[in-house]
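[1] kindly return the folded structure for what I paste below:
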Amino acid sequence: MKILLKEKDQELLSECKKLLKENPDIKKRKLHLTSDLEKRLYYIKVWVITESQPLHVLRNHDKRCFRGKNCYHLDHIVPISHGFYSKIPPEKIGGMSNLRFIKSERKCNLPFDIVTGK
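    Residues are numbered from 1 along each chain as shown. Take a look at the predicted model:
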């Protein structure tokens, strides 16, 4: 049984799918877990912008990895969730001045849940 979406939701979902198709690496971020389509689209836009930045100029970029104790993760200084709720344009949240690499154990200690945004 398919659920019929409102026209606005269909447009949001369509835009999400289009951006994910054009940027397949963004799918790995599990952004589909949030049911709020406006929030999902915002996160996708931020990550598309983030990954298009010259990240190689950031300190510790060469230590970026996704698993392991000595990994560095890409961090948004002003969190994406704050950007969404404060209506900050995705270009600012995903921009170079808001990005840094931090040690993975530090990143994991930051309180955040993509579904609740808290």
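[2] okay, and for this protein, where does confidence drop off?
    Where the chain drops to pLDDT under 70, the residues are 1-5, 106-118.
[3] let's see 50
    Along the chain, the model assigns pLDDT under 50 to residues 1, 112-118.
[4] hmm, Arg100 is touching Tyr72, no?
    No - taking contacts as Cβ atoms under 8 Å, Arg100 lies outside contact range of Tyr72: 9.2 Å. Just so you know, the C-beta spots here come from the backbone N, C-alpha and C atoms, and that holds for glycine as well.
[5] the more surrounded of these two?
    Just comparing Arg100 and Tyr72: by other Cβ atoms under 10 Å the higher neighbour count belongs to Tyr72, 21 against 16.
[6] what about the strands in the chain?
    72-76, 99-103 (DSSP state E).
[7] contacting residues for the residue lying closest to Pro54 once chain neighbours are set aside?
    Nearest non-adjacent residue to Pro54, counting by Cβ to Cβ, 6 or more residues apart in numbering: Met96, 7.2 Å away. Neighbouring residues of Met96 by Cβ atoms under 8 Å, 6 or more residues apart in numbering: 53-54, 57-58.
[8] generate a ChimeraX selection restricted to the buried entries among the residues you listed.
    Buried members of the contacts of Met96, defined by 16 or more other Cβ atoms under 10 Å, are picked up in ChimeraX with:
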select :53,58
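[9] Trp47: neighbour count?
    When neighbours are counted by other Cβ under 10 Å, Trp47 comes out with 25.
[10] can you tell me how far it is from His73?
    Distance of Trp47 to His73, given as Cβ to Cβ, to the nearest Å: 13 Å.
[11] again with Ser81
    16 Å.
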